[in-house]
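A.B. asks: Sequence and predicted structure below; questions after.
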Amino acid sequence: MTARELVRYRGLVYDSARWQGFALRPGDIVISTPPKCGTTWTQMICAMLVLQEPVLPQPLSIISPWLDMQSRARRDVVADLEAQQHRRFIKTHTPLDGLPLDPTVTYICVARDPRDVALSMDNHTDNLDVGAFMDARAVAAAIDGIELESMPPPPSRSADRRERFWQWVDNDTPPPVSGSSLLRTLSHLKTFLEAPTDIDVILLHFDDLRSDLEGQMRGMAQRLNVTVRDSRWPELVRAATFDEMRARADQLAPNAHRGAWRDSERFFNRGTSQQWRSLLDDHDMDRYRQRVNAIGSVEVIEWAHRPPLEM
């Protein structure tokens, strides 16, 4: 492929520069999703297809680490990945224009209705043990021998849930230096719709995983050239259901084994769609449509929204 300059995405939690120098292998799977769009769910599905055992031998975030996350030393993450003998599936929240592209690698992206993403992120923010994360971040930097760049503090959060929703929707911070926002979510999806034609991408939607998990898993197995015996499907699909994952949150929630969350089960909070209906009225919806139409392409808006957003 023609060399291209990668967009660097970074924030308090992550830095996509950690991908530089990482050696991809033929057959690798890179799960690149906007935050709160079904990342952990997709990792679990890949685990079931690759390992074909309903109980994982290690925490999911060790088997399928988030390479960009700064709370674990890059040295250790890369060492774990290099030691793996099975087909690797790696998590990232970096959009496709910030990732090294390889025609022998499959890149998966999952869309979710951004209104539900906003509410899920609100719960996620409240549940994160910030002190534990910052301590781990400092330890990881020391191991890697790097000095962390100072980052601007996140904007203050309103005490009102509706106002927090609009803070997320109206956030105009440029995607390379933003956390989660409507702009960042739509921009991430756009990079996949604009993927080079020689790159293997799989485009999914959170609601399809909810409504037809087995069908989606079988479709992914076909796309990934994975063969699963018919007798194995029921237990693999059951293990990848939202309720089963919540029941095993201590092993499956990202970095739960390292104390990342106030409540690991709460990471799998609801796993439902259209939660926003209880929050937004008709005036809110008009305002939301205006914002989406101002910053998103028709193709991205159609992929993200279920049911389709009335324009």
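C.D. replies: Yep, that arrived. Predicted, not measured: the structure shown is a model, and the values here were computed from it.
A.B. asks: the helices in the stretch 1-150 of the chain, which residues?
C.D. replies: 39-51, 60-63, 74-83, 114-127, 130-144 (DSSP state H, counting those that start in this stretch).
A.B. asks: Can you list the low-confidence ranges for this protein?
C.D. replies: Applying pLDDT under 70 to the chain flags residues 1-3, 151-155, 256, 259-267, 269-271, 311.
A.B. asks: Tell me the buried residues in stretch 22-42?
C.D. replies: 22, 24, 28-42 (16 or more other C-beta atoms under 10 Å). Where C-beta positions appear, they are placed from N, C-alpha and C, glycine not excepted.
A.B. asks: and it, C-alpha only, in PDB?
C.D. replies: This file holds the C-alpha atoms of stretch 22-42, laid out as PDB (Å, rounded to 0.1, in the frame of the first residue of the first chain):
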ATOM      1  CA  PHE A  22       3.400  -2.500  16.200                       C
ATOM      2  CA  ALA A  23       3.800  -5.500  13.700                       C
ATOM      3  CA  LEU A  24       0.400  -6.700  12.400                       C
ATOM      4  CA  ARG A  25       0.100 -10.300  11.300                       C
ATOM      5  CA  PRO A  26      -1.900 -11.700   8.400                       C
ATOM      6  CA  GLY A  27      -5.300 -12.600   9.800                       C
ATOM      7  CA  ASP A  28      -5.300 -10.100  12.600                       C
ATOM      8  CA  ILE A  29      -8.600  -8.600  13.500                       C
ATOM      9  CA  VAL A  30      -8.700  -5.000  14.600                       C
ATOM     10  CA  ILE A  31     -12.000  -4.000  16.400                       C
ATOM     11  CA  SER A  32     -12.200  -0.200  15.900                       C
ATOM     12  CA  THR A  33     -15.400   1.300  17.300                       C
ATOM     13  CA  PRO A  34     -16.500   4.600  18.700                       C
ATOM     14  CA  PRO A  35     -16.800   4.300  22.500                       C
ATOM     15  CA  LYS A  36     -20.000   2.700  23.800                       C
ATOM     16  CA  CYS A  37     -21.000   1.200  20.500                       C
ATOM     17  CA  GLY A  38     -20.600  -2.400  21.400                       C
ATOM     18  CA  THR A  39     -16.800  -2.800  21.600                       C
ATOM     19  CA  THR A  40     -16.600  -5.300  24.400                       C
ATOM     20  CA  TRP A  41     -19.500  -7.200  22.900                       C
ATOM     21  CA  THR A  42     -17.700  -7.500  19.600                       C
END
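A.B. asks: I'd like the numbering to begin with 12 instead of 1 from here.
C.D. replies: From this message on, residue numbering opens at 12, which makes the last subject stretch 33-53.
A.B. asks: just to revisit the earlier point, mark which of the buried residues of stretch 33-53 are part of strands, please.
C.D. replies: The strands, defined by DSSP state E, take in 40-43 from those.
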